[in-house]
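*Asks:* Sequence and predicted model, in that order:
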Amino acid sequence: MIDLTELSIQGLQEELASDRARPTDVVGSYLEKIERRDGAVKAFLEVFGSEAMERAAALEKEGRRDRPLYGVPVAVKDNICTRGFPTTCASRILENYRPPYNATVVERLLDAGAVVIGKTNLDEFAMGSSTENSAYAVTRNPWNLECAPGGSSGGSAAAVAARLAPVALGSDTGGSIRQPAAFCGVVGLKGTYGRVSRYGLVAFASSLDQIGPITRTVEDCAAVMEAIAGHDPHDATSIPGPPPALARESVGDISDLRVAMPSRLGEWDLESSVREATEGAFEALREADIRPETVDLPDVDASIACYYVLANAEASSNLARYDGVKYGLRVPSDSLGAMYERTRGIGFGEEVKRRILLGTYVLSSGYYEAYYAKAQQVKAKICDEFARIFELHDLILLPTAPTPAFRIGEKVDDPIAMYLSDIFTTPANIAGLPAISIPAGISGEGLPVGLQLIAGAGGEAALLRGARFLERVLRFNERFALDAGPLEGGA
Ligand code: GLN
């Protein structure tokens, strides 16, 4: 029998439609692979084994096979609420928290026929770029178990790369879908701000956060995005109107697309494999008679500084709710004040505390003008500059991260070095633009290299069309196979 865990959504649906496989076979194959491999990868914080099998059996009884994600297993980042199941944000402070409701994206996945198979690891409250800030586990990169999977959606990206799920949801505040997708050799998409409902996503920085899919192919990514996107009355920032029909609109040739390349590409400090992959993609475009034009991007150094002021300011406010009273951990003490202090002192990890301190500082009355207000001005400038670029262009092609995956432990004690791995991803969050990372090549050490496309607001269809073109010509999945040996405990 064919290995169901190697199939794309499209492939799974062909098997299911022709009765060669049932949802219980699909879910069973994935659960068995998780059992064999996740001891080495540690992508999951929680696997819903029996519940997922029950749901698959119920789907079989119901029929309704025409649903877009019928029988498709999905792993969900553990900062997205799942009713009755742990949602910890990889934080001690939410250790036993079980939300009484599902996030809108989870409801939409279920409506589309999907099966949630578990919750994936992340940096605590999605703060980080390596998943090392989790209070519970260190996730490993399936391409090299000594390396980090990226972050903060490292568990989701590693799960998809290691074939532990065909689809995973991540969240992206400053790059947390795209950077781990790049590090793990998979596809990751963040939509236009407001495209996907944030209802039930535990807030990190509300003006930047977006949920999005991580998949093996761009086609799968379009199908999942279409299923989860669309207006939600529970989220006041959600874009009104129906979502674009992405599965259909992302197909087609790209001769009408005007692609831009950053003028400072030559000056950026990129690892050689990242530079080669980027140049290779521009070459492929030229061969297809698409002539990339050079544009001046908003300054990436200013973007990253601006991001870390705004994101931390919002985080300090959003995380004020974890006080030991409403939910999660409570460390009993003599007085109310002491209870707050001890709960937060014990419940939050170091990086989260660092950000609460920084965020509180930039919002304090003495420094507000110098930092927070200034960052808002920089944000406005970045938005204007992008708007001008997208008057004349449809897509910008640039690296996702300056390097491939780094080693576990390499940056964990150097927050600034860690923050710099988001240098190319934060601009799209600041301007609320859709952006995707696709695998494009492999480094000398055998690690995947990702490339990023950014589109104008609402430009998901063009973005996915461009990504499908590059995926086809760069042929990552055909050229590079993940060596499952180390994952299976063999050579
Ligand atoms: N790595 C970035 C940070 O630490 C982005 C995180 C994210 O997108 N959630 O803030």
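*Replies:* Received the coordinates, thanks.
*Asks:* Sticking with Ala380, tell me its helix or strand.
*Replies:* Counting by DSSP states H and E, the element that carries Ala380 is helix 374-392.
*Asks:* and the very next helix or strand once past that helix, which strands flank it?
*Replies:* The C-terminal neighbour of helix 374-392 among helices and strands, as given by DSSP H and E, is strand 395-399. Using DSSP bridges, strand 395-399 pairs in its sheet with strand 259-262 (parallel), strand 448-455 (antiparallel).
*Asks:* where along the protein do the strands fall?
*Replies:* In the chain, the strands defined using DSSP state E lie at 44-47, 73-77, 115-120, 167-172, 187-190, 210-215, 259-262, 293-295, 395-399, 435-442, 448-455.
*Asks:* Point out the most buried one among these.
*Replies:* strand 187-190 (a mean of 33; mean count of other CB atoms under 10 Å). C-beta here means a position set from N, CA and C on the backbone, and glycine is covered the same way.
*Asks:* For stretch 142-152, C-alpha coordinates in CSV please.
*Replies:* Extracted in CSV, the C-alpha atoms of stretch 142-152 (Å, rounded to 0.1, in the frame of the first residue of the first chain):
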residue,chain,number,x,y,z
PRO,A,142,14.1,17.1,10.9
TRP,A,143,16.9,17.9,8.3
ASN,A,144,19.5,17.9,11.0
LEU,A,145,18.6,17.1,14.6
GLU,A,146,21.4,19.3,16.0
CYS,A,147,19.8,22.3,14.4
ALA,A,148,16.8,24.5,15.4
PRO,A,149,13.6,24.3,13.4
GLY,A,150,13.2,28.1,13.5
GLY,A,151,10.4,29.8,15.4
SER,A,152,8.2,30.5,16.8
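*Asks:* does it come close to the ligand?
*Replies:* Yes. Judged by CB under 6 Å from any ligand atom, stretch 142-152 comes into contact with the ligand through Ser152.
*Asks:* So what's the gap between that stretch and the chain middle?
*Replies:* Mean-position distance between stretch 142-152 and its chain equals 14 Å (CA atoms, centre = their mean, to the nearest Å).
*Asks:* Show me what the spatially closest residue to Arg55 that is not a sequence neighbour is bridged to.
*Replies:* Distances taken as CB to CB, 6 or more residues apart in numbering place Val115 nearest to Arg55, at 5.0 Å, with adjacent residues excluded. Note on Val115: beta-bridge partners Pro73, judged by DSSP bridges.
*Asks:* Look up which residues are beta-bridged to the spatially closest residue to Ser153 that is not a sequence neighbour.
*Replies:* Among residues not flanking Ser153 along the chain, Gly170 sits closest, at 3.0 Å (CB to CB, 6+ apart). Beta bridges link Gly170 to Gly212 when assigned by DSSP bridges.
*Asks:* got the strands of the chain as TSV, with mean pLDDT columns?
*Replies:* Converted to TSV, the strands of the chain look like this (pLDDT from 0 to 100):
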stretch	mean pLDDT
strand 44-47	98
strand 73-77	98
strand 115-120	98
strand 167-172	98
strand 187-190	98
strand 210-215	98
strand 259-262	96
strand 293-295	97
strand 395-399	98
strand 435-442	98
strand 448-455	98
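*Asks:* Can you check which of those strands gets nearest to the ligand?
*Replies:* Smallest distance to the ligand across these (CB to the nearest ligand atom): 4.9 Å, for strand 167-172.
*Asks:* does the ligand sit close to that closest one?
*Replies:* Yes. Strand 167-172 is in contact with the ligand by CB under 6 Å from any ligand atom, via 171-172.
*Asks:* what angle separates that strand from strand 210-215?
*Replies:* Here the directions of strand 167-172 and strand 210-215 differ by 140 degrees (axes from the mean of the first three to the mean of the last three CA atoms, to 10 degrees).
*Asks:* Now find how far off-centre strand 167-172 is within its chain.
*Replies:* Averaged C-alpha coordinates place strand 167-172 at 4 Å from its chain's average position (CA atoms, centre = their mean).
*Asks:* number of nearby residues for Leu420?
*Replies:* Neighbour count for Leu420, taken as other CB atoms under 10 Å: 18.
*Asks:* Use 21 as the first number from now on
*Replies:* I'll keep to 21 as the first residue from here, and by that count the last item is Leu440.
*Asks:* what about the residue lying closest to it once chain neighbours are set aside, distance to the ligand?
*Replies:* Of all residues not flanking Leu440 in the chain, Ile324 sits nearest, at 6.9 Å (CB to CB, 6+ apart). Counting by CB to the nearest ligand atom, to the nearest Å, the gap from Ile324 to the ligand is 9 Å.
*Asks:* again, but for Leu142
*Replies:* In this view, Leu142 and the ligand are 8 Å apart by CB to the nearest ligand atom.
*Asks:* now do Ala267
*Replies:* Ala267 is 26 Å from the ligand, by CB to the nearest ligand atom.
*Asks:* Could you check the pLDDT of Gly510?
*Replies:* With respect to pLDDT, Gly510 scores 59.
*Asks:* what residues are up against the residue nearest to Ser173?
*Replies:* For Gly190, the contacting residues are 97, 173, 176-177, 196-197, 200-201, 208, 231-234, by CB atoms under 8 Å, 6 or more residues apart in numbering.
*Asks:* now do Lys139
*Replies:* Lys139 makes contact with 64-66, 95-98, 102, 105-108, according to CB under 8 Å, 6+ apart.
*Asks:* could you dump these to CSV with distance to the ligand?
*Replies:* Shown next, in CSV, are those (distance: CB to the nearest ligand atom, whole Å):
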residue, distance to the ligand
Phe64, 19
Leu65, 16
Glu66, 20
Ala95, 17
Val96, 15
Lys97, 10
Asp98, 13
Thr102, 19
Phe105, 21
Pro106, 20
Thr107, 16
Thr108, 16
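*Asks:* what's around the residue of the stretch 371-511 of the chain found nearest the ligand, how many residues?
*Replies:* Residue of the stretch 371-511 of the chain nearest the ligand, by CB to the nearest ligand atom: Asp442 (4.7 Å). Look at Asp442: counted by other CB under 10 Å, it has 28 neighbours.
*Asks:* The ligand contacts on this structure?
*Replies:* Residues of the chain found near the ligand (CB under 6 Å from any ligand atom) are 146-149, 172, 191-196, 224, 331, 442.
*Asks:* ok so, going back, the residue of the stretch 371-511 of the chain closest to the ligand and Gly194 touch, don't they?
*Replies:* Yes. In this structure, Asp442 is within contact of Gly194 by CB atoms under 8 Å, at 4.9 Å.
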